[in-house]
Structure formats: C-alpha cells, structure tokens
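K.L.:
quick one, what's the 3D model for this:
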Amino acid sequence: MTFAGRPHPLGLLRFAVRFFIDLIVASVHLAWTAFRFRYRPRSAVIAARLAVRSDLNLTLCG
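P.N.:
Below you'll find the model as predicted:
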C-alpha cells in the first residue's frame, strides 16, 4: 500500500475534532436510545456501489 502525498496538519486537526464530536454525539444518542423504554429503533441494510480498485480500499471503506 502506498501513500502519495503529504499530511496537512490543519486537515488532520479538523478531522480529529470532527471525529471526536461525532463520537460523542453517537454515544449520547446510543445511551438515550438504550434508556428509552418501549422504543423500538428502526433498522435497515444499506447497499451502495463503491468505485474502488482494490480489496483493501473496499475493506477500509466498509
């Protein structure tokens, strides 16, 4: 696996901040759902075609 490019510190910082915000929001949502009685969350399976060239990229995306 090769990496063509260089990391950008500002982009990495933005990614890290967004990741942790989404992680906190998802955790709060999950806790809220777990403690709500008589609530049955809907579930679904989503299928999407991906335009990737390798099995590694497909696995990482999944």
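K.L.:
how far does stretch 47-57 sit from the chain's center?
P.N.:
The chain centroid and the centroid of stretch 47-57 are separated by 16 Å under Cα atoms, centre = their mean, to the nearest Å.
K.L.:
actually, stretch 9-26.
P.N.:
Its chain's average C-alpha position is 11 Å from that of stretch 9-26, according to Cα atoms, centre = their mean.
K.L.:
quickly find the element holding the residue in the chain sticking out farthest from the centre.
P.N.:
Distance from the C-alpha centroid of the chain peaks at Arg38, with 27.8 Å (Cα atoms, centre = their mean). Under the criterion DSSP states H and E, no helix or strand holds Arg38.
K.L.:
phi and psi next, for it.
P.N.:
The phi and psi values for Arg38, taken as degrees, to the nearest 10, are phi 60, psi 20.
K.L.:
just checking, what packs against the helix or strand of the chain with the lowest mean pLDDT?
P.N.:
Least confident helix or strand of the chain, by mean pLDDT, DSSP states H and E, is helix 55-61 with a mean of 84. Helices and strands touching helix 55-61, by 3 or more Cβ pairs under 8 Å, 6 or more residues apart in numbering; DSSP states H and E: there are none. From N, CA and C alone the C-beta is placed, and that goes for glycine too.
K.L.:
kindly export it (C-alpha atoms) in CSV.
P.N.:
Below are the C-alpha coordinates for helix 55-61, written out as CSV (Å, rounded to 0.1, in the frame of the first residue of the first chain):
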residue,chain,number,x,y,z
ASP,A,55,-10.0,-5.1,-1.9
LEU,A,56,-8.0,-3.3,0.8
ASN,A,57,-9.8,0.0,0.0
LEU,A,58,-13.1,-1.7,-0.1
THR,A,59,-12.4,-3.2,3.3
LEU,A,60,-11.2,0.1,4.8
CYS,A,61,-14.3,1.8,3.4
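K.L.:
please state the offset of that helix from the chain centre?
P.N.:
14 Å.
K.L.:
which stretches of the chain form helices?
P.N.:
Applying DSSP state H to the chain gives helices spanning 9-35, 55-61.
K.L.:
least reliable of the ones you listed going by mean pLDDT?
P.N.:
Set side by side, those give their lowest mean pLDDT on helix 55-61, at a mean of 84.
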